[in-house]
Each structure stands twice: as C-alpha cells, then as structure tokens.
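>>> what's the 3D shape of this:
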Amino acid sequence: MVLGRARVAGGGALAALILAVVGAGCGAETHPNEPRPAVATRVSVTIGKGGIVVRPDVIGVGPEKSQQLPQNQNHPQPPIKTQAPMDVVFVTANQTGKDSKLVIRGPHEVTSPQINANSPATYAAELPTGKYTIAAAGQKGAPATLKVGPYRASSKNDLLLP
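Below is the predicted model:
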C-alpha cells in the first residue's frame, strides 16, 4: 500500500517535471514583428533606334498598387523605415540589330550582362535613392532617366512570397 502511494507520487512528480520542461521550451512571450523586405520593383526598358525608353521613370516615391497581391489591394502598404537600396528588376527589350548592355549611372553604377539583338532580358540591381541615367553601350540615341525615391514598402501584407 505504501509502495502504491509512492508510485502515484512519483508519477505525479514526473508529469509535473515534463510539463515544466515543455512549458519552458515554448520560447519567448513576446515576438518582434520586424517588417519584411520590400518586393522588387519592375522597370521596363526598351532599347530602340531612337534611344532608351524607361517606364516608370520614377519609383520609390510612395505606395505602388501594382506591387500588392489582389487580396491586399485595399489595404495600405506598411512602409519600411530604412535607407536600404531598392531592389529593381529591369525587364529589357533590345529592339535593335546590335548586342548591347545597359549602363546605369548615378549614386551607384551598374552594368547589365549582354542583351542580345532583338531579344528580351532581365537584370536585377540594388539602387540607392537618387537620380540615374540609363544608356545602352554601343548604341546611339539619348539616354533615359530614372528617379529612385526613399519609400520602401514592407511585404508583410503579401502572402505566398518567399
């Protein structure tokens, strides 16, 4: 009879110990909700015989409706308080008969890989806030301008993003 009470007391103590260990392993009571990085902004670049065309020619100046997924289109984009460069994806169409490269000059200079004649290409770059000129190496024609503003929107409201 005494042995039975000891087993019950030992089993209760073991259960309490397991519960305490599991409860301690649950993590912190508070979790910081840091904003997620912004989704890359797409800029269309056309290299033609008359020069370069860039659309849009101003980015990062406020919320962009095209950035959000449909389920969030009526909700405001939370801004990120950062001075990080903007991720920009250049979707380029070389409509000339010569291979070329995009040369982006401004606060940060970058050059794209070769864009074959009469072909599309995609190139990504991180651009800090500032004014840029975009030209095509080896092509005649006027360069285009691109203005990158300081606004960065968090992607925390956009689901299904990596």
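>>> Ala117: neighbour count?
13 (other Cβ atoms under 10 Å). C-beta: built from backbone N, CA, C; applies to glycine.
>>> who touches it in this structure?
94, 96-100 (Cβ atoms under 8 Å, 6 or more residues apart in numbering).
>>> try it again at 10 Å.
Residues near Ala117 by Cβ atoms under 10 Å, 6 or more residues apart in numbering: 47, 94-100.
>>> helix, strand or coil: sort out it for me.
What DSSP: H, G, I helix; E, B strand; the rest coil gives for Ala117 is coil.
>>> so what's it scoring on pLDDT?
On pLDDT, Ala117 comes in at 94.
>>> what's the spacing between it and Asp99?
Computed as Cβ to Cβ, to the nearest Å, the Ala117 to Asp99 distance reads 5 Å.
>>> cool, and Ala93?
14 Å.
>>> got any residues that touch both of these two?
Each of 115, 118-119 lies in contact with both Ala93 and Asp99 under the rule Cβ under 10 Å, 6+ apart.
>>> so how far is Ile18 from Val61?
56 Å.
>>> those two: which is more packed in?
Counted by other Cβ under 10 Å, Val61 and Ile18 do not tie: Val61 has more neighbours, with 13 against 10.
>>> does Gln114 touch Ile47 like I think?
No: the criterion here is Cβ atoms under 10 Å, and Gln114 misses it with Ile47 at 12.0 Å.
>>> next secondary structure after the helix or strand containing Gly12?
Assigned by DSSP states H and E, Gly12 falls within helix 2-24. Counting by DSSP H and E, the next helix or strand C-terminal to helix 2-24 is strand 41-48.
>>> and the gap between Tyr123 and Asp87?
When Tyr123 is compared with Asp87 (using Cβ to Cβ), they lie 12 Å apart.
>>> related to what we said a few turns ago, and the furthest pair within the contacts of Ala117?
Taking Cβ to Cβ, the two most distant members of the contacts of Ala117 are Gln95 and Asp99; they sit 12.6 Å apart.
>>> got any residues that touch both of these two?
What both Gln95 and Asp99 touch, as defined by Cβ under 10 Å, 6+ apart, is the set 117-119.
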